[in-house]
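Novice: sequence plus the predicted model coming up.
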There are 2 protein chains.
Amino acid sequence: MSTKQKRFFLSEDELPRQWYNIQADMVNKPMPPLHPQTKKPLTPEDLYPIFCEECSRQELNMTDAWIDIPEEVREMYKYYRSTPLVRAYGLEKALGTPAHIYFKNESVSPIGSHKLNSALAQAYYAKKEGVTNVTTETGAGQWGAALSYAAKVFGLEAAVYQVKISYEQKPYRRSIMQTFGAQVTPSPSMSTRAGKDILTKTPNCQGSLGTAISEAVELARTTPNCKYVLGSVLSHVTLHQTIIGLEAEKQMEMAGEYPDIVIGCFGGGSNFGGICFPFMRHTIKEGRKTRYIAAEPASCPKLTKGVFQYDFGDEAGYTPLLPMYTLGHNFMPANIHAGGLRYHGAGVIVSQLLKDGLMEAVDIKQLETFEAGLLFAKSEGIIPAPESCHAIAAAVREAKACIETGEEKVILFNLSGHGLIDMSAYDQYLSGNLQNYEVPDELIENNVSQLEQIIK
Amino acid sequence: MSTKQKRFFLSEDELPRQWYNIQADMVNKPMPPLHPQTKKPLTPEDLYPIFCEECSRQELNMTDAWIDIPEEVREMYKYYRSTPLVRAYGLEKALGTPAHIYFKNESVSPIGSHKLNSALAQAYYAKKEGVTNVTTETGAGQWGAALSYAAKVFGLEAAVYQVKISYEQKPYRRSIMQTFGAQVTPSPSMSTRAGKDILTKTPNCQGSLGTAISEAVELARTTPNCKYVLGSVLSHVTLHQTIIGLEAEKQMEMAGEYPDIVIGCFGGGSNFGGICFPFMRHTIKEGRKTRYIAAEPASCPKLTKGVFQYDFGDEAGYTPLLPMYTLGHNFMPANIHAGGLRYHGAGVIVSQLLKDGLMEAVDIKQLETFEAGLLFAKSEGIIPAPESCHAIAAAVREAKACIETGEEKVILFNLSGHGLIDMSAYDQYLSGNLQNYEVPDELIENNVSQLEQIIK
């Protein structure tokens, strides 16, 4: 039995004081988001009616590689950060791999996932700018839970639209949000025009992140002193999540290693970018050879099967047009348990990086992800969120490849959250009632073909 | 906003290498457990048929104050220990108290509570002694989940009897146990004589820890190479839990403070003893003035309203007779959500300490505990287990008292686990459907009067 160190922590003094904005270092910058009406490149001011002003500026900041973390946010980070970097000796042994597997354990955040990193920042900026109400969407509920708590911390009211299928599959997450004092509405709802429209078009619609975003944006636009905040996709959210990778970089140094492969699961891109971008800056600036792998569900394969195209971020078409890999903004993903990955598009930064070959993407079927998650649970003791199971499955694939080659590759993945609220999914898997979902190519082609008309 | 340190950790090297056995230092030792048939004081050998041998010896060890933690167990501890000691600035502010409140956050253990500390030790000893199967009871499921994972770690089969009311109230905990590969049976069941007997006597019985213990003990007695392990009450379990207080002692030193009051919720006594005993040794040996408060539910008030008496540890009367504060071994507690506290008796060490005035006990009604838990969730971001809400409620009482007196008392409590699997309880509380349960005095008197006959 190894007596080597298993977990690596930073002291509160060592916590990063700045987030890393990869946009400043990218050779090919992301193409600009376009105004949904004028189709002209967006300015931060165009975003002010919906987003906090500081977040709007961060979103389009192409020049400053380092953005100060406000002291008030950093103080709140200290309640749960640094999160541990863990050497997964148990998983390595279970696989019999020569690879060195590390994971950054974001599941120890009080609300159970990495989402709090950006929720605290966004709630802080909202409060500072005099906002009283925030509204958002949530899939599995990880983001909604984080935002609900962050809103409570900074004294804001929070209204959350939860994707209906998740609202029903994961009632405990709704309770968590309500415990923190938030209002939770299943989406699509009859409380917004966007919700009514889709329910008219598709009765009994189970919802999607795209629709929930439309509802939240609509609420923000029609409510005084209310801003919309969101949990992934946008560049400022990913910026806040770079705290993960920045800590991991220091912690890997403590472990005396540097990753050959960095892996994150992929919904909109914020946890992936959060763990990867701080390492990727060494690839961009110093040519360091590291592979970055985004693990997405086979049922929602925008990176591996979508097209790179301007598209809306939401179902109703309220948001700016974003240049991204997309399955089409009206794509309705299958009801997989990884609710946080059921989103049609990828953030603009990741989309550009993938286009430029700086990163890779793999799509994984649901059963393989749960198989990996179960192996991880049994060997590391932590039950992973269905979303995180995708990152684990990708790490397992790479670790198995090392058995073939005998290479002692260093693999780092982000354990974005725990799955304790997702036990019904494990129940289904264990009882053999879980299934794979794949998207027929013609459905993607058909969906994507409609995008051409958005920008003529 | 304070920029003082919030969380205190020990490095892996600083983790304690020994558990603390308070029995060696007690002036008045606990009275001896008696053999259920012969009524003679037990020897370790009497326990071997049911318990692991090493645990049996630890149970009755009155001489060695320090017991080595096996290296294999300590290696597993490193996956989640030290747990953080946290200064609860948020709670202090919410209360407006001058008190300094600290909590030891055992909820960050992979399975969500302190229970893993003893589960790993017991599973290790079982494996080392050639045992292949372990069986146990569980209330809310925290212990069952811990034991299921620990059994998996050391390659043992696990069979868990879960109290039926908890099995139904908290289905996710059952799923967690099954995810780790354990067999889970709701208790009372028809699979044991003890289960059949009580179901015949009380059809639709919702179960209790006492009954579940009977079932597990019976299974251990009738299955080759199978040992019974348990999650609280007994002295060797509390011994393993002293890792909590030993770490906390070092961490309080890092914070530059020493507790005036140490608080734990109280079911059988292991988490209470775990946090308190390492501090209490300074009270016993050096006369250091510290208050130790056990917080029990008003619906199961063995410490505040029970009698000190020899009684069985289980409902069917299979276990040795233990000298303890008890409500009677056939006491059937109300269906409160703090399933882990629904036990009729207190461990022998705590019972003796309470009798000798070395500690205090308070009983708290369910609504007050959830009120405190909600305040804690909103101010510290962590949703506490219903059991832990009792410790929080007691800490809140003491912190409020400091507002009156202006004293800056240092209060330390053990956050034994998180409540993410207990959200249905919070739902009920938030919707006003949760109620208080108190036990009529005559019920206790009647129940306890039957005990006289056990030892004639």
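Specialist: Ah, there it is.
Novice: can you confirm A:Gln251 is in a strand?
Specialist: No: judged by DSSP: H, G, I helix; E, B strand; the rest coil, A:Gln251 forms no part of a strand; its state is helix.
Novice: which residue sits closest to it, ignoring its sequence neighbours?
Specialist: In this structure, A:Gln251 finds its nearest non-sequential neighbour in A:Leu85, 3.6 Å apart by CB to CB, 6 or more residues apart in numbering or on different chains. The way it works is simple: take the backbone N, C-alpha and C, and place the C-beta from them, glycine included.
Novice: check A:Phe180 too.
Specialist: Nearest non-adjacent residue to A:Phe180, counting by CB to CB, 6+ apart: A:Ser148, 3.9 Å away.
Novice: measure how buried that neighbour is and give me the count.
Specialist: For A:Ser148, the count of nearby residues is 32 (other CB atoms under 10 Å in any protein chain shown).
Novice: surely it meets A:Gln183?
Specialist: No: at 9.2 Å, A:Ser148 does not count as touching A:Gln183 under the criterion of CB atoms under 8 Å.
Novice: for the residue of the stretch 251-400 of chain A found nearest chain B, give me its contacts.
Specialist: Residue of the stretch 251-400 of chain A nearest chain B, by CB to the nearest CB: A:Gly381 (3.7 Å). Contacts for A:Gly381 (CB atoms under 8 Å, 6 or more residues apart in numbering or on different chains) come out as A:Gly90, B:Tyr79, B:Tyr80, B:Pro110, B:Ile111, B:Leu116, B:Tyr149, B:Val153.
Novice: any figure for the gap between the fifth one and chain A?
Specialist: Taking CB to the nearest CB, to the nearest Å as the measure, B:Ile111 and chain A are separated by 7 Å.
Novice: my hunch is that A:Gln241 is in a helix, does that hold up?
Specialist: Yes: with three-state DSSP as the criterion, A:Gln241 is part of a helix.
Novice: quick one: A:Pro98 from A:Ile411, how far?
Specialist: Distance from A:Pro98 to A:Ile411, counting by CB to CB, to the nearest Å: 11 Å.
Novice: those two: which is more packed in?
Specialist: More crowded of A:Pro98 and A:Ile411, by other CB under 10 Å: A:Ile411, with 28 against 14.
Novice: measure the more buried one to A:Cys402 for me?
Specialist: Distance check for A:Ile411 against A:Cys402: by CB to CB, it reads 8 Å.
Novice: same check, this time on A:Ser148
Specialist: Going from A:Ser148 to A:Cys402 by CB to CB gives 41 Å.
Novice: follow-up on the earlier one: the host helix or strand of the residue nearest to A:Phe180 packs against which elements?
Specialist: Here A:Ser148, judged by DSSP states H and E, is contained in helix A:142-153. Counting contacts by 3 or more CB pairs under 8 Å, 6 or more residues apart in numbering or on different chains; DSSP states H and E, helix A:142-153 packs against helix A:116-128, strand A:133-138, strand A:157-163, helix A:171-179.
Novice: pull the distance from that helix to the chain's centre.
Specialist: Distance of helix A:142-153 from the chain centroid (CA atoms, centre = their mean, to the nearest Å) equals 15 Å.
Novice: now do stretch A:184-201
Specialist: How far stretch A:184-201 lies from its chain's middle: 24 Å, per CA atoms, centre = their mean.
Novice: neighbouring contacts of that stretch?
Specialist: Contacts to stretch A:184-201, defined as CB under 8 Å, 6+ apart, come from residues A:137, A:144, A:159-164, A:167-168, A:174, A:177-178, A:205, A:207, A:211-212, A:214-215, A:218-219, A:314-316, A:318.
Novice: buried sites along it?
Specialist: By neighbour count on 16 or more other CB atoms under 10 Å in any protein chain shown, the buried set for stretch A:184-201 is A:Val184, A:Thr185, A:Pro186, A:Ser187, A:Pro188, A:Ser189, A:Thr192, A:Ala194, A:Gly195, A:Ile198, A:Leu199.
Novice: one more: stretch A:10-28?
Specialist: A:Leu10, A:Glu12, A:Leu15, A:Pro16, A:Trp19, A:Tyr20, A:Asn21, A:Ile22, A:Gln23, A:Asp25, A:Met26.
Novice: what strand or helix carries the fifth one?
Specialist: Assignment of secondary structure by DSSP H and E places A:Trp19 within strand A:18-20.
Novice: A:Leu321 contacts A:Gln309, correct?
Specialist: No: in this structure A:Leu321 lies outside contact range of A:Gln309 using CB under 8 Å: 9.4 Å.
Novice: neighbour count: those two, which is higher?
Specialist: Neighbour totals were compared for A:Leu321 and A:Gln309, and A:Leu321 leads with 23 against 19 (other CB under 10 Å).
Novice: and the more buried one, what does it touch?
Specialist: By CB under 8 Å, 6+ apart, the residues touching A:Leu321 are A:Pro33, A:Leu34, A:His35, A:Pro36, A:Lys39, A:Tyr310, A:Asp311, A:Phe312, A:Ile454, A:Ile455.
Novice: quick one, which of those residues are buried?
Specialist: The buried subset of these - by 16+ other CB under 10 Å - is A:Pro33, A:Leu34, A:Pro36, A:Tyr310, A:Asp311, A:Phe312, A:Ile454.
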